[in-house]
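Novice: Got a predicted structure here, sequence first:
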Amino acid sequence: MKESETIVRALSSIPLFHGLETRQIRNIASRFSELKYNEGDVIVAQGKIGIGLFIIENGRVEVLKERVDGTKIMLEMLGANQFFGELSLLDEEPRTASVIAVEPTTCLAITRLDFLDVLREDVDIPILMMKELARRLRMALEVR
């Protein structure tokens with residue numbers, strides 16, 4: 001498993017983890033493993049169940065959405081220290097877009113199962129995450 005300040009920094013920037021202590025983020029970071037992809041490899045496929053969170057260590061990926069009519073649109077291009085798949089840590093819903101490597105890419109990944117193990121070990125983590133999710137929901141529901 002690979003743990004580094006890069007993973008800790010990346011996790012700290014993900015809204016889902018706001019409010020966690022550094023030791024808790026380090027614990028999550030210790031569960032990541034490194035995965036390598038070649039240009040053209042599909043990292044996650046739209047419509048398939050997500051397995052976890054990915055942080056791009058190096059390389060670039062494009063996020064593509066296939067419309068009902070079969071056309072594809074590029075939603076965004078992601079590079080080093082950016083992430084995708086954070087919601088699949090919480091649910092088992094299908095991916096809403098595909099992520100494809102556009103050059104050789106290395107990702108750091110944690111599976112939903114490894115993440116759930118961390119939550120079972122430190123019961124404060126899910127409580128803090130629920131507080132952050134509730135705060136964000138309240139902000140989204142505020143009438144402006």
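Specialist: Structure's in. What do you need?

Novice: The protein: helices as residue ranges?
Specialist: 5-13, 22-29, 112-121, 124-141 (DSSP state H).

Novice: can the ones you listed go into CSV with extra columns for mean pLDDT, distance to residue 98 and mean neighbour count?
Specialist: (Glycine included, C-beta is placed from N, CA and C.) Formatted as CSV, the helices of the chain follow (pLDDT from 0 to 100; distance: least, CB to CB, whole Å; neighbours: other CB atoms under 10 Å):
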stretch, mean pLDDT, distance to residue 98, mean neighbour count
helix 5-13, 84, 21, 16
helix 22-29, 92, 25, 17
helix 112-121, 93, 19, 14
helix 124-141, 85, 26, 12
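
Novice: Tabulate the ones you listed in TSV, adding columns for distance to residue 38.
Specialist: Formatted as TSV, these follow (distance: least, CB to CB, whole Å):
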stretch	distance to residue 38
helix 5-13	22
helix 22-29	26
helix 112-121	25
helix 124-141	34
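
Novice: quick one: residue 59 and residue 31, what's the gap?
Specialist: 22 Å (CB to CB, to the nearest Å).

Novice: Residue 104 too?
Specialist: Residue 104 is 24 Å from residue 31, by CB to CB.
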